[in-house]
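> any chance you can model this:
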Amino acid sequence: MSDKEKIDFYPNSKHISVYRDIMCQQRPEALPEIYRLMQEEEVEVVVEVGTFCGGLSLYLADRDYCEIHTFDIVDKNPSLPINNKLFKYLDNAFSESCKEKITKLTQDKKTLWLFDGGDKMKEAKFYSDIVKKGELVMLHDFAPDSNCFKYLEDNNIWLWHESNSSGIDFNLYEEHKNFEKLWKTIVWGCFRKK
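Below is the predicted model of the structure:
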C-alpha cells in the first residue's frame with residue numbers, strides 16, 4: 001500500500017485519522033466514502049469550507065479525480081502539499097467576495113459541497129442559493145439530533161456534535177439515500193438539493 005492510499009488513526013486517538021502525516025479530523029472511513037460519493041455523483045469540482053490541517057483535501061486531490069478548492073480563515077498547515085488538483089484559499093467564507101469566487105469556480109460544474117468550518121449550518125445556509133439542483137451538500141460533525149449524537153458517543157464513533165438536521169432547509173434539500181449510514185459511520189450529514 002502506497003502512502004497515497006494509507007489512512008491511519010492519529011496517535012493516541014480512536015476517532016481522528018491521519019493521511020500522509022497530516023491530520024484529517026475525520027473518521028478514517030470518511031475519506032474513501034467521500035471519494036466514492038464523488039465518483040458516484042460524477043462530481044466535477046469539490047468546495048470545502050474548513051481546511052483545518054488539510055488531510056481530507058489532500059486525500060481527495062491525490063485521487064486525481066477533480067479539482068478540490070478548500071477555504072479557511074486560518075492557515076493551520078502552511079506546508080500542505082498543493083498540486084494541480086488542490087487549491088487552498090485563506091478567505092472569510094462568509095464574505096460576499098469569497099462567495100463570488102466560489103460561484104465562479106463552480107459555474108457550470110457539478111459540485112460537491114463539504115461544510116466543515118466553524119459554523120457548518122451557517123455555511124450551508126449562506127451558500128444554499130448557489131448550490132445547484134441535484135448537488136450534494138455535506139455537513140461534518142453531524143448527528144440529526146441530540147439523541148442520535150448520544151448513539152455516536154455511546155458507540156465510541158465520534159465526540160463532537162456541531163451540526164444537525166435543524167440547520168437544513170427541507171424545502172430546498174432532501175436526505176441522501178444513504179443518509180442513515182453516512183451519519184452513523186462517517187459523521188457527515190448528506191443532503192441533495194431539490
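
> direction included, what does the helix or strand of the chain with the lowest mean pLDDT pair up with?
Ranked by mean pLDDT, DSSP states H and E, the weakest helix or strand in the chain is strand 7-9, scoring a mean of 86. Paired neighbours of strand 7-9 in the sheet (DSSP bridges): strand 17-19 (antiparallel).

> so, low pLDDT: which residues of the protein?
Where the chain drops to pLDDT under 70, the residues are 1-4.

> strands of that one, residue ranges please.
7-9, 17-19, 22-23, 45-49, 67-72, 86-90, 111-115, 136-140, 173-175, 188-193 (DSSP state E).

> which positions within the least confident helix or strand of the chain qualify as buried?
Within strand 7-9, the residues scored as buried using 16 or more other CB atoms under 10 Å are Ile7. Placement of C-beta: from N, CA and C, glycine included.

> so how far is it off the chain centroid?
18 Å (CA atoms, centre = their mean, to the nearest Å).

> neighbouring contacts of it?
His15, Ile16, Ser17, Val18, Tyr19, Cys24, Pro28, Leu31, Pro32, Tyr59 (CB atoms under 8 Å, 6 or more residues apart in numbering).

> out of those, which comes closest to Glu153?
Of all those, Glu153 sits closest to His15, with 10.7 Å by CB to CB.

> is it true that that closest one touches Asn155?
No. Between His15 and Asn155 there is no contact under CB atoms under 8 Å: 11.4 Å.

> with adjacent residues omitted, what lies nearest to the residue nearest to the spatial centre of the chain?
Centrality entry for the chain: nearest residue to the mean C-alpha point is Leu114, 3.2 Å, by CA atoms, centre = their mean. Nearest non-adjacent residue to Leu114, counting by CB to CB, 6 or more residues apart in numbering: Glu48, 4.2 Å away.
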